[in-house]
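Visitor: predicted model, plus sequence, below.
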Amino acid sequence: MKPAAPPPTGKPRLTTSAMIASIAGEGQKTKPAPFGHALVEVAKTRPDVLGMTADLGKYTDLHIFGQAFPDRYYQMGMAEQLLFGAASGLAAEGFTPFATTYAVFATRRAYDFIHQTIAEEDRNVKIVCALPGLTSGYGPSHQAAEDLALMRAMPNMTVIDPCDAHEIEQVVPAIAAHRGPVYMRLLRGQVPVVLDEYGYTFELGRAKTLRGGDDVLIISSGIMTMRALDAAEELKADRIGAAVLHVPTIKPLDTETILREAGKTGRMVVVAENHTVVGGLGEAVAGLLLRSGVYPAFRQIGLPDEFLAAGALPTLHDRYGISTAAVVSRIKEWLSR
Amino acid sequence: MTPSKGHNKELAERAYRVRRNAVRMGEVQGQGYIAQALDIADVLATAYFHAMRYRPEDPNWEGRDRFLLSNGHYAIALYAALIEAGIIPEEELETYGSDESRLPMSGMASYTPGMEMSGGSLGVGMSIAVGMAMGLKRKKSDSRVYILFSDGELDEGSVWEAMMSAAHHKLDNIIAVVDVNNQQADGPSTQVMAFEPLGQKLEAFGWFVQRIDGNDLDAVVDAFDAAKDHKAPKPRIIVADTLMGKGVPFLEAREKNHFIRVDAHEWQLALAALDEGRLA
């Protein structure tokens, strides 16, 4: 969707400059490069762990690893098909490569290479991708609105969508310890720290309830869990009880916890994801509920099935309904009907 | 250097047996990639019975040279060589392309002992070779990565990005063979997408290049030896011009086709033609 005309004058326009806009709110607590630092920690005791990138080391925080372990860092050039094929070859030789690029280039350009050389051959490669979903204002070339759908559809692939720096620090050692291909969505740069306040610990394959509530259950992953927590706080002011179930492992899905939480009567289930409504967490949960005979009122918050506009992230998140304000207003509207 | 010119009687016998195994597998299906198997038999015989290091009883032996089959539909040829090498029992050739077989039509790593990668999605092999070669160097292994791919795969950009990378990383432990039989799915490869002058292109990409008649065993042996002995820190590639159907004159003469049908009675004729060539 493109703007039809210049916006009315008098109002300051937000601008897009950096390709990777920060997703941190103003004054929000953050940590720098949690992925890079966590990988360095893992690599200290794991000589098999390698770093590889396709000309995006600095933009995926892998440069931190490269500085710590220069002889274990492979610059593969701007060649994503090569990146993942070579990662497969290194894994075949017993190494554990963490291969980084942007989500669009891994999941769209190099899909067949990941499918054939990593997933089909069941190679121990960790695919770590910045700019997941709508986290860039550069338009569809950099917006991986469908990355989860693509990676979910691939047998053998574990798919993870972490929420914040606190979680990323735990996901990295967990996927290094897990044998098999993994796709991890990456937040890089100054990454918000949120989940520490909830006493949260990441467990591969587990969904966790972050807060309770009697009126609506928000099932979310990635940055939408941040939005859901903020929204729940705002809804509380309106005496709406919103529970938040965080599902960082998109595949394999924690079916037991999701069914248990969604099966509690009297709550509308809202799945919120930074992803197109096609084929992501929302449809995964919907399919699970239908197959299991659990029929709550069900709504989806996600990106529309269209090519998204360029623009400043706050503008786009509002426009496409994944900002906190948008989540709050939609839930209120749905509950009031 | 191994003695060449006329000293390759043993290899000729190996190549004969590889062709024979391939024809017998072809007969199981009645059709298939038999012309390619016949054209590449001399290269595979030289790789498995002259150039490469491996242990038939332990296909995953760490000290082995790796052999990557990027053009997965050439599996019939590689199975024929793996049978001759004692890695796959000969009786399994009767299962080629059948349900529950370890020998599927397109080669896959998880199905077959001695098959190092899942090929068939043409253009993926060279990037795996780059990673394996890097991995072997990391392990200070002197094992090499051999990779076979086809002239049709030269259409795939991924092959060229991987070749550029192999030179950039000075992967002198890669020995690639590209089978130039000038045939791909839609016709002669040079007409589908012109790739000549191939040798110059590959040299410009930083490779040590040899171009040979891939059906001249002496030349194939010399090329593998030179690839191993070469001193420059470059990946090595042998451009092997081959004749589809080689060794079975009526198949050599047949109109070229990527996937050929052979009539039931012709399989015995093909085996007889191979026998005749063996005696000659």
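Guide: Alright, I've got the coordinates.
Visitor: distance check, the spatially most central residue of chain A against chain B.
Guide: Per CA atoms, centre = their mean, the C-alpha nearest to the average position across chain A is that of A:Asp161, at 3.3 Å. Noted for A:Asp161: a distance of 27 Å to chain B, by CB to the nearest CB, to the nearest Å. Heads up, the C-betas are built off the backbone N, CA and C, glycines and all.
Visitor: which parts of the chain are strands?
Guide: Assuming you mean chain A. A:30-32, A:49-53, A:73-75, A:96-102, A:126-130, A:158-160, A:182-186, A:190-192, A:208-211, A:216-220, A:242-246, A:249-251, A:268-276, A:298-303 (DSSP state E).
Visitor: that's the wrong chain, I meant chain B
Guide: In chain B, the segments counted as strands under DSSP E are B:31-32, B:66-69, B:145-150, B:174-180, B:208-213, B:236-241, B:260-261.
Visitor: TSV please, covering the ones you listed and showing distance to B:Thr46, mean pLDDT and mean neighbour count.
Guide: Formatted as TSV, the strands of chain B follow (distance: least, CB to CB, whole Å; pLDDT from 0 to 100; neighbours: other CB atoms under 10 Å in any protein chain shown):
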stretch	distance to B:Thr46	mean pLDDT	mean neighbour count
strand B:31-32	23	86	18
strand B:66-69	12	98	26
strand B:145-150	11	98	27
strand B:174-180	10	98	27
strand B:208-213	11	98	19
strand B:236-241	10	98	24
strand B:260-261	25	86	14
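Visitor: could I get these as TSV with distance to A:Val125?
Guide: Compiled in TSV, these are given as follows (distance: least, CB to CB, whole Å):
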stretch	distance to A:Val125
strand B:31-32	33
strand B:66-69	17
strand B:145-150	18
strand B:174-180	20
strand B:208-213	30
strand B:236-241	26
strand B:260-261	38
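Visitor: could you count how many residues lie near A:Thr209?
Guide: 15 (other CB atoms under 10 Å in any protein chain shown).
Visitor: should've said A:Thr96
Guide: Residues lying near A:Thr96 (other CB under 10 Å) number 22.
Visitor: what's across from it in the sheet?
Guide: Taking DSSP bridges as the rule, A:Thr96 bridges to A:Val49.
Visitor: before we move on, what about the one 4 residues further on?
Guide: With DSSP bridges as the criterion, A:Thr100 is bridged to A:Thr53, A:Val128.
Visitor: quick check, pLDDT for it.
Guide: pLDDT for A:Thr100: 98.
Visitor: burial of it, as a residue count?
Guide: By the measure other CB under 10 Å, the count of residues near A:Thr100 is 30.
Visitor: how close does it sit to A:Gly189?
Guide: Per CB to CB, to the nearest Å, A:Thr100 is found 14 Å from A:Gly189.
Visitor: ok, now B:Glu116?
Guide: Applying CB to CB, the value for B:Glu116 to A:Gly189 is 39 Å.
Visitor: compare the two (neighbour count), which wins?
Guide: Counted by other CB under 10 Å, B:Glu116 and A:Gly189 do not tie: B:Glu116 has more neighbours, with 25 against 19.
Visitor: so what's that one up against?
Guide: A:Ala92, B:Arg66, B:Phe67, B:Leu68, B:Leu69, B:Ala109, B:Met132 (CB atoms under 8 Å, 6 or more residues apart in numbering or on different chains).
Visitor: off-centre distance for stretch A:254-270?
Guide: Centroid separation between stretch A:254-270 and its chain, computed with CA atoms, centre = their mean, to the nearest Å, is 21 Å.
Visitor: just the endpoints, please. Distance across it?
Guide: End-to-end distance of stretch A:254-270: 17 Å, with CA to CA, to the nearest Å as the criterion.
Visitor: average pLDDT for it?
Guide: On average, stretch A:254-270 scores 97.
Visitor: follow-up on the earlier one: from the contacts of B:Glu116, pick the one nearest B:Asp39.
Guide: B:Leu69 (14.6 Å; CB to CB).
Visitor: contacting residues around the closest one?
Guide: Taking CB under 8 Å, 6+ apart, we find B:Leu69 in contact with B:Ala75, B:Leu78, B:Gly107, B:Met115, B:Glu116, B:Met117, B:Gly119, B:Gly125, B:Ile147, B:Leu148.
Visitor: can you point me to the longest helix in the chain?
Guide: In the absence of a named chain, chain A is used. Under DSSP state H, the helix in chain A containing the largest number of residues is helix A:223-237.
Visitor: my bad, the chain I had in mind was chain B
Guide: Max-length helix for chain B by DSSP H is helix B:9-29.
Visitor: show me which positions of that helix end up buried.
Guide: The neighbour-count check on helix B:9-29 (16 or more other CB atoms under 10 Å in any protein chain shown) flags B:11-12, B:14-29 as buried.
Visitor: show me where pLDDT drops low in the stretch 101-250 of chain A?
Guide: The model of the stretch 101-250 of chain A has no residue with pLDDT under 70.
Visitor: what residues does it put near chain B?
Guide: When proximity is defined as CB under 8 Å from any CB of the partner chain, the stretch 101-250 of chain A approaches chain B at A:Asp112, A:Phe113, A:His115, A:Gln116, A:Thr117, A:Glu120, A:Glu121, A:Asp122.
Visitor: let's go with 7 Å and repeat that
Guide: Selection of the stretch 101-250 of chain A residues close to chain B by CB under 7 Å from any CB of the partner chain yields A:Asp112, A:Phe113, A:Gln116, A:Thr117, A:Glu120, A:Glu121.
Visitor: what residues does the stretch 101-250 of chain B have near chain A?
Guide: So the stretch 101-250 of chain B meets chain A at B:109, B:117-118, B:121, B:124, B:127-132, B:134-136, B:138-139, B:158, B:161-162, B:165 (CB under 7 Å from any CB).
Visitor: if we go to 8 Å?
Guide: So far as CB under 8 Å from any CB goes, the stretch 101-250 of chain B lies against chain A at B:108-110, B:116-118, B:120-121, B:123-124, B:126-136, B:138-139, B:157-158, B:161-162, B:164-165, B:168.
Visitor: picking up where we left off before, most surrounded residue in the residues of the stretch 101-250 of chain A next to chain B?
Guide: A:Thr117 (31 neighbours).
Visitor: the helices in chain A, which residues?
Guide: Under DSSP H, chain A gives helices at A:34-45, A:63-68, A:80-92, A:103-104, A:111-113, A:147-152, A:165-177, A:223-237, A:255-262, A:281-292, A:313-319, A:324-336.
Visitor: got the angle between the last one and strand A:298-303?
Guide: In this structure, helix A:324-336 runs at an angle of 160 degrees to strand A:298-303, with axes from the mean of the first three to the mean of the last three CA atoms, to 10 degrees as the basis.
Visitor: elements contacting helix A:324-336?
Guide: strand A:216-220, helix A:223-237, strand A:268-276, strand A:298-303, helix A:313-319 (3 or more CB pairs under 8 Å, 6 or more residues apart in numbering or on different chains; DSSP states H and E).
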